[in-house]
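[1] I'll drop the sequence and a predicted model, then ask my questions.
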Amino acid sequence: MNDEYKFEIKRKRPEESYSNVNVYYSKENIEKYAKSKSLMRIQEKITIRTLELLNLPEHNSLILDLGSGAGFVGMYLTEVGYKTVAIDIIAEFLRYYDIKELNPIIADMCILPFKPETFDAVISVSALQWVYRDVNSKSNKLALKNLAKSVYSILKPQSKAIFQFYPKNDMMMDLIGKMFIENTPFKGGFMIDNPNSPKKRKIYLIMNKS
Ligand SMILES: C[S@@+](CC[C@H](N)C(=O)[O-])C[C@H]1O[C@@H](n2cnc3c(N)ncnc32)[C@H](O)[C@@H]1O
């Protein structure tokens with residue numbers, strides 16, 4: 001999918017150091033994340049950019065937010081007039097704020113509890129790197145495959161899924177993109193903002209359902 005763009009994050013990250021996401025997000029880490037005004041601002045900016053890339057026809061479209069955390073993405077989406085369903089695997093994240101209007105559901109985003117063709121769009125911000133973290137893990141591979149298939153199924157025709165995420169390196173990024181393309185009829189690729197600035201770089205996987 002991407003033959004020229006190379007990068008490698010050298011520092012050790014929680015995604016590679018912890019056995020799973022539930023272990024990393026202790027009560028303390030959930031609180032730190034949910035209370036951070038700067039994180040809220042960054043996630044809001046990413047959401048605005050994602051909406052730009054989605055280019056949705058109308059404001060009351062139904063959007064599924066995968067790996068919603070405390071709900072920063074969904075809060076912005078509802079503020080600007082979209083209907084949202086927020087999914088996260090960690091119940092404490094969904095209970096941190098009163099986010100009833102985001103229709104929160106505790107679930108693994110790789111096994112989506114919805115009927116086919118339910119959503120006008122799928123957004124996932126800073127979560128996908130938790131699903132596929134180890135190239136040698138069969139369960140990571142299976143989870144990603146299931147995610148790709150489920151997302152394809154629950155999207156309405158002529159719609160998009162956009163995943164902003166932080167892969168460890170270009171190889172992981174490519175493998176994730178390939179997994180979507182090889183296991184579903186999705187078409188699409190990557191959009192990389194600020195590719196030359198490791199700090200500002202934002203990677204978006206854009207998947208189109210025809
Ligand atoms: C860095 S946080 C981002 C939260 C939110 N999207 C935001 O932008 O503020 C990553 C989130 O992904 C969630 N997550 C990771 N793996 C998941 C999975 N398999 N299913 C659902 N949520 C998952 C975590 O619980 C966590 O809330």
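    Here it is on my side, so go on.

[2] any weak-confidence spans in this protein?
    Residue ranges of the chain with pLDDT under 70: 1-3.

[3] can you list the residues of it near the ligand?
    Counting by Cβ under 6 Å from any ligand atom, the chain comes close to the ligand at 21, 25, 43, 67-69, 72-73, 87-90, 93, 108-110, 125-127, 130-131. Every C-beta, even on glycine, is put in place using the N, C-alpha and C of the backbone.

[4] Surely residue 158 is within a strand?
    Yes - checked against DSSP: H, G, I helix; E, B strand; the rest coil, residue 158 lies within a strand.

[5] before we move on, back to that, now intersect the residues of the chain next to the ligand with the strands, please.
    Judged by DSSP state E, the residues of the chain next to the ligand include 87, 88, 125 as members of strands.

[6] In contact with the first one, which residues?
    Listed by Cβ atoms under 8 Å, 6 or more residues apart in numbering, the contact partners of residue 87 are 64, 65, 66, 67, 68, 104, 105, 106, 107, 109, 112.

[7] Give me the buried subset of these.
    If you count burial by 16 or more other Cβ atoms under 10 Å, the buried members of those come out as 64, 65, 66, 67, 68, 104, 105, 109, 112.

[8] Would you mind measuring from the first one to the ligand?
    What it means is residue 64. Counting by Cβ to the nearest ligand atom, to the nearest Å, the separation of residue 64 from the ligand is 11 Å.

[9] Give the phi and psi angles for that residue, as a check.
    When read as degrees, to the nearest 10, the backbone of residue 64 gives phi -100, psi 130.

[10] Pretty sure it sits against residue 119.
    Yes - with contact defined as Cβ atoms under 8 Å, residue 64 reaches residue 119; the gap is 4.6 Å.

[11] residues shared between the contacts of these two?
    Counting by Cβ under 8 Å, 6+ apart, the shared contacts of residue 64 and residue 119 are 85, 154.

[12] sorry, back to before: go through the ones in strands among the residues of the chain next to the ligand and say which is closest to residue 156.
    Nearest to residue 156 among these is residue 87, at 17.5 Å by Cβ to Cβ.

[13] Backbone dihedrals for residue 85, please?
    Here is the backbone geometry of residue 85 (degrees, to the nearest 10): phi -120, psi 130.

[14] ok, now residue 161?
    Dihedral pair for residue 161: phi -120, psi 130, per degrees, to the nearest 10.

[15] can I assume it is in contact with residue 150?
    No - applying Cβ under 8 Å, one finds residue 161 not in contact with residue 150, separated by 10.3 Å.

[16] Show me which of those two is the more surrounded one.
    A count of neighbours by other Cβ atoms under 10 Å puts residue 161 above the other of residue 161 and residue 150, at 27 against 21.

[17] Determine the number of other residues adjacent to the nearest residue to that one once chain neighbours are set aside.
    Leaving out its chain neighbours, the residue that sits closest to residue 161 by Cβ to Cβ, 6 or more residues apart in numbering is residue 122, at 3.8 Å. By other Cβ under 10 Å, 26 other residues sit near residue 122.
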